[in-house]
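>>> Show me the folded form of this:
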Amino acid sequence: MNKFDRRSSSADIQTLPDDIAEELSRLPSEVISVDDAPSIAPPVPLSQDEVRTIVISLMLTMFLAALDQTIVATALPTIGRQFQDVSNLSWVITAYLLASTAVAPVFGTLSDIYGRRVMIIISLSLFVAGSVLCAIAPNMPMLILARGLQGLGGGGIMPVVQTVISDVVSPRERGQYQAYFSSVWMVGGILGPVIGGVFAEHLHWSMIFWINLPLAAAAIVMLLPKMKKIPVFHRKRKVDWLGGVLLMASAVVFMLVLTWGGTRYPWLSPTVLAMVGGAVALAVSFVWHARRADEPFLPLKLLTGSVAPFALTAGGCGLGAITGLTVQLPLYYESVYHLSASEAGLALIPLAAVSTVGAAVAGRTMARAKHYKRVAIIGTSWAALCGLGLTLTTLPLWGLLTLMAAFALGLGTTFPVCVVSLQNSVARPQVGTITGAMNFFRSLMSSFTVAAFAAILLIALGIDVPLAGEHHAAGAVAIPTEDMRHAFRYVFGAATALMTTAALCLIAMEERPLAGPSAKQPVELAE
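Numbering: from 1, shown residues only. As a prediction, this is how the structure comes out:
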């Protein structure tokens, strides 16, 4: 079979339009053949109205996935009372997280094989079906299984949405849109607990799942008619199901280790150690298989080079830092500043909201600046300095919130730069695969950071504490304020280390030119 090869086909590539030649020149010789390459006919440009409709519908779709990661938390006590089962409540959240993390690379890769339209329909359908089954679940086991099904859909939404955006707008303009999606994700995370509490208290807990139906219907109605005009870059090829299963299995076992370690089982218990061994064995098997497969599920070459490993690490550190702090800070606010649970939740807003401002600043900078990664280098370095200030100083509440907002501003700059750099480093038929891998590793990093921050607190305090935001019942051991303040300095120090690592990775990452207009403004979402 004849293949596009830089040596044998360079003359042919030079005769193509510049943007198409650039895409073909990025492809490794073993990736695309003449027979299965996507059409090189230039797509019909989308109008501003069409791009706006697509972006709004994708934001609504992502809002669904973001909302359902947090909306259940405040309704758990009500659900536990109705089903008279409190011991298994944590699985309502864990089942969703396990499923969504495991399938992220699957949906990303399949979107490169079967197309974005098919995979967005499948992911939304799974999500809606899971929502309906959750709402009508007669008992706790059925609710947990339905949440797992819902997680399969939610885990597919994120990478497919980010991949569709890469098909619609150029890399240079894409950073601005990634900032929009970062803001949607943060808003969903903030509103989720509030909406869940209101529904559970004043309506019925099942409403937290029924609300997904009209939102999903609106997203589908807006999106599907326009998707026919989106350029097609997927490439039909054989699916490496064995590689996909090995990758998902290793992720699930690793996530269970992070979920159960230190809570249900001691970290050095035989159960946890056996699970760690199983996760490592599955991961090694996946790597062994990927090196020998003709067309592996996740080509390992995509994760090497001068861009991918640094962008993946920097993005994972940024998301891990903000997730770990979001989970553990309520305990700090309640113990040190004596805030109520609702006040502690409100105190998280500066961390979540200001990070979206940082993402917006980075996105707009990418649309204009030649050296686009500098804004993220400055941002992560600034976040590391703010984290150092949190570690070394004792501040009143207003001072802490101000410094936390400054920390979040710098942290937010990592997300659009890392996403766009990753997508810009591979050929179009591999964008979905690298985007799915990115979401997969970010989810693992977030789970690892939450567990690590909890372990740091446990070691620093030397007593059992409410881990991962789970508060004990009345009568739990009271922790002196100064002890908690001292213990959290190690947590802030860990967050500082993460942001320092992100800054170093961004410095080391190659800054490849972004295709697209340098002066053209991205399409605004409203007139």
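
>>> For the stretch 401-527 of the chain, which segments are assigned as helices?
414-424, 431-461, 481-508 (DSSP state H, counting those that start in this stretch).

>>> which residues touch residue 107?
With contact taken as C-beta atoms under 8 Å, 6 or more residues apart in numbering, residue 107 is in contact with 119, 122, 123, 155, 156, 159, 160, 432, 436. In this view, the C-beta of every residue, glycine as well, is placed from N, C-alpha and C.

>>> Apply 6 Å and report the result again.
Contact partners of residue 107, counting by C-beta atoms under 6 Å, 6 or more residues apart in numbering, are 119, 156, 159, 160, 436.

>>> The residues you listed in helices, which ones?
Here DSSP state H is the test, and these give 119, 156, 159, 160, 436 as lying in helices.

>>> Tell me which stretches of the stretch 151-300 of the chain form strands.
With strands called from DSSP state E, counting those that start in this stretch, the stretch 151-300 of the chain shows none.

>>> just to revisit the earlier point, most tightly surrounded among the helices of the stretch 401-527 of the chain?
Neighbour counts (mean count of other C-beta atoms under 10 Å) averaged over each of the helices of the stretch 401-527 of the chain peak at helix 414-424, with a mean of 28.

>>> averaged over its residues, what pLDDT does that one have?
Here helix 414-424 scores 87 as its mean pLDDT.

>>> list the helices and strands it packs on?
If you count contacts as 3 or more C-beta pairs under 6 Å, 6 or more residues apart in numbering; DSSP states H and E, helix 414-424 packs onto helix 171-202, helix 308-336, helix 349-366, helix 374-392, helix 431-461.

>>> Compute the distance between the most centrally placed residue in the chain and residue 312, please.
Nearest to the mean C-alpha position of the chain, by C-alpha atoms, centre = their mean, lies residue 439 at 4.6 Å. Distance of residue 439 to residue 312, given as C-beta to C-beta, to the nearest Å: 10 Å.

>>> ok, now residue 225?
35 Å.

>>> These two: which has the busier surroundings?
Remark: of residue 225 and residue 312, residue 312 carries more neighbours, 23 against 13, as counted by other C-beta atoms under 10 Å.

>>> quick one, what contacts that one?
residue 441.

>>> Could you shift the numbering so residue one becomes 418, and keep it that way?
New numbering, starting at 418: the last item is residue 729.

>>> circling back: dump the helices of the stretch 818-944 of the chain to a markdown table, plus distance to residue 803.
Listed next are these as a markdown table, based on distance: least, C-beta to C-beta, whole Å:
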| stretch | distance to residue 803 |
| --- | --- |
| helix 831-841 | 14 |
| helix 848-878 | 17 |
| helix 898-925 | 8 |
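
>>> and of those, who's closest to residue 517?
Of all the helices of the stretch 818-944 of the chain, it is helix 848-878 that lies closest to residue 517, at 7.2 Å by C-beta to C-beta.

>>> how much does the closest one deviate in direction from helix 898-925?
Helix 848-878 runs at 150 degrees relative to helix 898-925, counting by axes from the mean of the first three to the mean of the last three C-alpha atoms, to 10 degrees.

>>> Just want the angle from helix 848-878 to helix 831-841.
If you take the same axes, to 10 degrees, helix 848-878 sits at 140 degrees to helix 831-841.

>>> quick one: average confidence on helix 848-878?
83.

>>> on that earlier part again, distance to residue 663 added to the helices and strands packed on helix 831-841, as TSV?
Converted to TSV, the helices and strands packed on helix 831-841 look like this (distance: least, C-beta to C-beta, whole Å):
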stretch	distance to residue 663
helix 588-619	29
helix 725-753	19
helix 766-783	34
helix 791-809	33
helix 848-878	13
